[in-house]
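S.K.: what's the 3D shape of this:
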Amino acid sequence: MVHLLKLGEAARLLGVPEGSLRAAARSHGMLVKMGRAVRIDENSLGELILKCRENQPEPAYWRKDKQIWIIRDSGRPDKSTGVGDRANAEKILGAYIATKDTATGSRHAHAVAINEVLDIYGREHAIKVAAPERIGYAIDSLLAFWGALSVADVKGETCRRYGKSRVRRFKDGTTRPISDGTIRRELNVLQAAINYCHREGYLLTPATVTLPPKPSPRDRWLTRDEAAKLIWAAYRSPTAKHVARFILIALYTGTRKDAILKLSFMPNIGGGWIDVDRGVMYRKGSAERDTKKRRKPVRLTKRMLGHCRRWKKNGANWPVEIGGQRVGNIKTAFATAASGLPGVSPHVLKHTAITWAVQKGLAVEDAADYFDTSSETIRKTYYHHSPHYQDRAIAILERKL
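M.R.: Coordinates of the predicted model:
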């Protein structure tokens, strides 16, 4: 039975560059054209590997008449190294192999494939950001749909079709559409990649990515009873006991999940730390890069500081740990603890912390400073919980004429 794969899928399956696979398959006549798209039969991959191994030429050969070394590359014209000594020729060959699939020169949108745009963005930009894996996840999702298309194909219709194609498949065969928020993040990566290639001179004219509507901010936060139930469920669970500390830190400080999981009780370069002597939590490590997710130091309340001092006194190296080792992922453990509370994720704890603080009457500017969140976000998402919400408006409206 014939099972056609996209070249990107086949390349990831074999662990080889897509460009190399395309050249090898073309030279051996194994590409299947489907209109503008190109596919390869999964059953022919083994045969292609054997043929490449049997017929693999030397990457360079000596040309006697000109006394120089020539680079040989399957499917491409021979290229002179311009030198006669082998040592320098090997250096030039190494540089050629490293850069042969790198795009050069500016081209029009119809001549630049999306997979090339994403490859350039991932290789040149994503590796420099604080969390490159997030861009990597988005690129993987984008390639499945956009890989064979060009930048000129980016328009409202294809963007909407991409959104409809994004579904999560479960083991029982059922599917569920991916949320608009996730699709927006993925398409934002596509837009950023296109803009980057245009800015760096690879692309003459950029394209505009059409995003789905921005979802409304979630207003899910925990009541005091729900928070107590969550902490108690984590503490009683043999596999989620460590999550109880995570929940406490998140509820008292409104700190994001990744920053909490990197916390230590000693200064470290890879994450923040808690100074139990001064009562300050440093959310960011000394060597961590600054990101849009701001992480300023925060003073701890007396109750939270008491917890931290007790944990350290009992021998803890990390606030969230198992057997003295830092915990890097709490996805499964948190889901176990929150199984009785619908719609609760680790990020809901940050919403809860800010909501509780605003409910106590904390001003917008003070909340923004303590929770390291913009005043605009506090005012737009949380301030309607404040007992002072619209006080001036009500006072004026209730005046007698």
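
S.K.: for stretch 325-335, the distance to its chain's centre please.
M.R.: Chain-centre distance of stretch 325-335: 18 Å, with Cα atoms, centre = their mean, to the nearest Å.

S.K.: Can you mark which positions in that stretch are buried?
M.R.: For stretch 325-335, a neighbour-count test (16 or more other Cβ atoms under 10 Å) marks 326-327, 330, 333-334 as buried. In this view, the C-beta of every residue, glycine as well, is placed from N, C-alpha and C.

S.K.: What about those residues, which are in helices?
M.R.: 333-334 (DSSP state H).

S.K.: Can you add distance to Ala10 and give the buried residues of stretch 325-335 back as JSON lines?
M.R.: Output for the buried residues of stretch 325-335, formatted as JSON lines (distance: Cβ to Cβ, whole Å):
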{"residue": "Arg326", "distance to Ala10": "38"}
{"residue": "Val327", "distance to Ala10": "37"}
{"residue": "Ile330", "distance to Ala10": "36"}
{"residue": "Ala333", "distance to Ala10": "37"}
{"residue": "Phe334", "distance to Ala10": "37"}
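
S.K.: State the phi and psi torsions of Arg107.
M.R.: Main-chain torsions, Arg107, degrees, to the nearest 10: phi -130, psi 160.

S.K.: give me the number of residues near it?
M.R.: For Arg107, the count of nearby residues is 18 (other Cβ atoms under 10 Å).

S.K.: Distance of it relative to Asn43?
M.R.: Here the criterion is Cβ to Cβ, to the nearest Å. By it, Arg107 lies 35 Å from Asn43.

S.K.: which residues does the nearest residue to Tyr96 once chain neighbours are set aside contact?
M.R.: In this structure, Tyr96 finds its nearest non-sequential neighbour in Ile71, 5.7 Å apart by Cβ to Cβ, 6 or more residues apart in numbering. Taking Cβ atoms under 8 Å, 6 or more residues apart in numbering as the criterion, Ile71 is in contact with 59-60, 78-81, 92-93, 96.

S.K.: Buried subset of those as a PyMOL selection?
M.R.: Restricted to buried positions by 16+ other Cβ under 10 Å, the PyMOL selection for the contacts of Ile71 reads:
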select buried, resi 60+81+92+93
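
S.K.: Just the ones of the contacts of Ile71 in strands?
M.R.: Secondary structure from DSSP state E places 60, 79-80 of the contacts of Ile71 in strands.

S.K.: residue nearest the centroid of this protein?
M.R.: Arg134 (0.7 Å; Cα atoms, centre = their mean).

S.K.: separation between Pro132 and Ala126?
M.R.: With Cβ to Cβ as the criterion, Pro132 and Ala126 are 5 Å apart.

S.K.: Do you know the pLDDT at the residue nearest to Tyr96?
M.R.: Ile71 carries a pLDDT value of 80.

S.K.: Tell me what it is bridged to.
M.R.: Following DSSP bridges, Ile71 is listed with bridge partners Ala60, Lys79.

S.K.: Mind splitting this protein into its structural domains?
M.R.: Domain assignment for the chain by automatic domain parsing gives 1-56, 109-199, 224-385.

S.K.: now these in TSV, with mean pLDDT?
M.R.: Output for the domains of the chain, formatted as TSV (pLDDT from 0 to 100):
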stretch	mean pLDDT
domain 1-56	74
domain 109-199	91
domain 224-385	91
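
S.K.: quick one, which of those domains is nearest to Ala87?
M.R.: domain 1-56 (23.1 Å; Cβ to Cβ).

S.K.: so how far is that closest one from its chain's centroid?
M.R.: 29 Å.

S.K.: Repeat that for stretch 199-212.
M.R.: A distance of 20 Å separates the centroid of the chain from that of stretch 199-212, by Cα atoms, centre = their mean.

S.K.: and Trp62, helix, strand or coil?
M.R.: Assigned by DSSP: H, G, I helix; E, B strand; the rest coil, the conformation of Trp62 is strand.

S.K.: wouldn't it be in contact with Ser80 here?
M.R.: No - look at Trp62 against Ser80 with Cβ atoms under 8 Å: they stay out of range, at 11.8 Å.

S.K.: Now for the two: what residues contact both?
M.R.: 68-70.

S.K.: ranking these by neighbours, who comes first?
M.R.: Trp69 (21 neighbours).

S.K.: mind checking the backbone torsions on that one?
M.R.: Torsion angles, degrees, to the nearest 10, at Trp69: phi -90, psi 140.

S.K.: Excluding chain neighbours, what is closest to it?
M.R.: Ala89 (3.7 Å).

S.K.: what helix or strand does the one you found sit in?
M.R.: If you go by DSSP states H and E, Ala89 is part of helix 86-99.

S.K.: ok now that helix, how far from the chain's centre?
M.R.: Counting by Cα atoms, centre = their mean, helix 86-99 comes out at 34 Å from the chain centroid.
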